[in-house]
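> return atomic coordinates for the entry below.
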Amino acid sequence: MNSPESAAESAAAAPVCSAKGCRTDAVWVLAWNNPKLHTPERRKTWLACEEHREHLSSFLDVRGFLKDVVKLAEWESDRPGSGRP
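Now for the predicted structure:
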């Protein structure tokens, strides 16, 4: 039986897709902002699995919100404080 702590650790170790009802491991980061609400440099993120990347990207793009789509591993390695060069 899993304890709540081990379940939380698993969730932290494996980010999941942001699509409604999807629990598949995320592979992509969709960086976006709503120019009516956010400053130009602000980036909000959704995570996507392979299956939902196109759908989520299209949803954001038709609204003019999508700014970038990158692999999760690349996004994490580029973050300040990630401990990677």
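> and the helices in the protein?
Along the chain, counting by DSSP state H, helices occupy 4-13, 53-62, 72-78.
> for this structure, name the helix or strand with the lowest mean pLDDT.
Of all helical and strand segments in the chain, the minimum by mean pLDDT, DSSP states H and E falls on helix 4-13, at a mean of 51.
> count the neighbours of Pro35 for me.
Neighbouring residues of Pro35 were enumerated by other C-beta atoms under 10 Å; the total is 11. (Each C-beta comes from the backbone N, C-alpha and C, glycine too.)
> list the residues that contact it.
Residues in contact with Pro35 (C-beta atoms under 8 Å, 6 or more residues apart in numbering) are Gly64, Phe65.
> can you do 10 Å?
Residues near Pro35 by C-beta atoms under 10 Å, 6 or more residues apart in numbering: Arg42, Arg63, Gly64, Phe65.
> so Asp78 touches Val70, yeah?
Yes - counting by C-beta atoms under 10 Å, Val70 is a contact partner of Asp78 at 8.0 Å.
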